[in-house]
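A.B. asks: take a look and give me a structure for this.
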Amino acid sequence: MPRAQQKAFRKTNNAQITLHDWLTVFAYIDAHPDQSHDSIVKHFKTQHEGRLIFNQSTVTRKLQDRKSLEACVDEFPNVLSSK
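C.D. replies: Next up is the predicted model:
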């Protein structure tokens, strides 16, 4: 695989996953309620665009924090548009 393509497939680790990314994960979970956390992890790990690397315990922890993450968006609507 050429280097330019390899760069596009570079992994993203937990520290770089944004609030927007987690909202995307939550939407996927809502759309696929029967999938296990392992299946969710594998789905995002194998995406060609928007690849996210995290583990099952991170999914569980973020699901526990989901209400506070969504409240942050409600309280600060511009948080998703800034980097």
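A.B. asks: now the longest helix that the chain contains: average pLDDT?
C.D. replies: In the chain, taking DSSP state H as the definition, the longest helix is helix 19-31. Averaged over helix 19-31, pLDDT sits at 95.
A.B. asks: which elements pack onto that helix?
C.D. replies: In terms of contacts (3 or more Cβ pairs under 8 Å, 6 or more residues apart in numbering; DSSP states H and E), helix 19-31 is packed against helix 37-45, helix 56-64, helix 66-75. All C-beta atoms are positioned from the backbone trio N, CA, C, and that covers glycine.
A.B. asks: mind exporting the C-alpha coordinates of the first one to CSV?
C.D. replies: What that stands for is helix 37-45. The C-alpha trace of helix 37-45 is given here as CSV (Å, rounded to 0.1, in the frame of the first residue of the first chain):
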residue,chain,number,x,y,z
HIS,A,37,-19.9,-4.0,22.8
ASP,A,38,-17.3,-6.2,21.1
SER,A,39,-19.2,-5.9,17.8
ILE,A,40,-19.4,-2.1,18.2
VAL,A,41,-15.7,-1.9,18.8
LYS,A,42,-14.9,-4.0,15.8
HIS,A,43,-17.3,-2.0,13.6
PHE,A,44,-15.6,1.3,14.3
LYS,A,45,-12.1,-0.3,14.2
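A.B. asks: buried residues, it. List them.
C.D. replies: By 16 or more other Cβ atoms under 10 Å, the buried positions in helix 37-45 come out as 37, 40-41, 44.
A.B. asks: show me what contacts Tyr28?
C.D. replies: By Cβ atoms under 8 Å, 6 or more residues apart in numbering, Tyr28 lies in contact with 40, 43-44.
A.B. asks: how about low-confidence regions in this structure?
C.D. replies: Low-confidence segments of the chain (pLDDT under 70): 1-15, 81-83.
A.B. asks: could you redo the last one with a cut-off of 80?
C.D. replies: 1-15, 79-83 (pLDDT under 80).
A.B. asks: quick check: closest non-adjacent residue to His20.
C.D. replies: Leu80 (5.2 Å; Cβ to Cβ, 6 or more residues apart in numbering).
A.B. asks: OK, contacts around the one you found?
C.D. replies: Leu80 makes contact with 19-20, 23, 73 under the criterion Cβ under 8 Å, 6+ apart.
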